[in-house]
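Novice: Please find the sequence and the predicted model below.
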Amino acid sequence: MKTLTLFVFVIALATISPAQPDDSITLYVHFGTAWGDSSNRLLSTQVRLGEPIFVEGSDYWKLTGRVERQGTNLVANLVGSTGGESDHYKGSVTLEKPFFAQGGGASGFVGEPRWFCVSTNSDCGPLLRTIKGMAIGRPKMGENK
């Protein structure tokens with residue numbers, strides 16, 4: 001009986017994916033705009049899987065949505081707004097990897113690209129360095145390459 005119990009425990013342990021986040025872990029969602037040095041402008045909030053997100057910042061910045069687990073994947077449904085611009089993302093995400101908005105709208109102009117990131121880290125310094133690195137070789141606003 002002890003052998004059978006141990007065998008069942010080992011099988012159950014083997015089926016748990018190490019990349020699958022625990023529902024009790026603390027996550028952060030970061031929303032930002034622009035490239036390079038100006039990417040320091042962002043809005044961040046602490047979230048729990050499956051719970052609604054609603055946070056407002058200065059200058060009409062807002063982040064809403066939710067992050068859920070679907071099987072072994074994290075799925076985000078996020079909307080970020082800077083007041084005059086609003087962008088959204090819906091789909092699978094990878095922890096610590098920034099992703100760009102899939103679409104949105106602007107009030108009479110087109111601004112800098114907007115991005116999101118789901119992270120286990122409240123410190124956005126490493127994220128901003130990643131964003132800055134992604135900007136290398138990318139044209140600046142109003143510049144054609």
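Specialist: Happy to help now that I have it. Numbers count the residues shown, from 1 in each chain.

Novice: Report the residue spans of this structure with pLDDT below the cut-off.
Specialist: 1-23, 34-41, 106-112, 135-145 (pLDDT under 70).

Novice: switch the cut-off to 80
Specialist: Across the chain, residues meeting the criterion (pLDDT under 80) sit at 1-24, 33-41, 84, 103-113, 131-145.

Novice: where along it do the strands fall?
Specialist: 27-33, 42-47, 53-56, 62-70, 73-81, 85-93, 99-100, 103-106, 114-119 (DSSP state E).

Novice: isn't residue 66 right up against residue 50?
Specialist: Yes - assessed by Cβ atoms under 8 Å, residue 66 is found in contact with residue 50 at 6.7 Å. Every residue, glycine included, has its C-beta placed from N, CA and C.

Novice: Which one's more surrounded, these two?
Specialist: Higher neighbour count among residue 66 and residue 50: residue 66, with 17 against 10, using other Cβ atoms under 10 Å.
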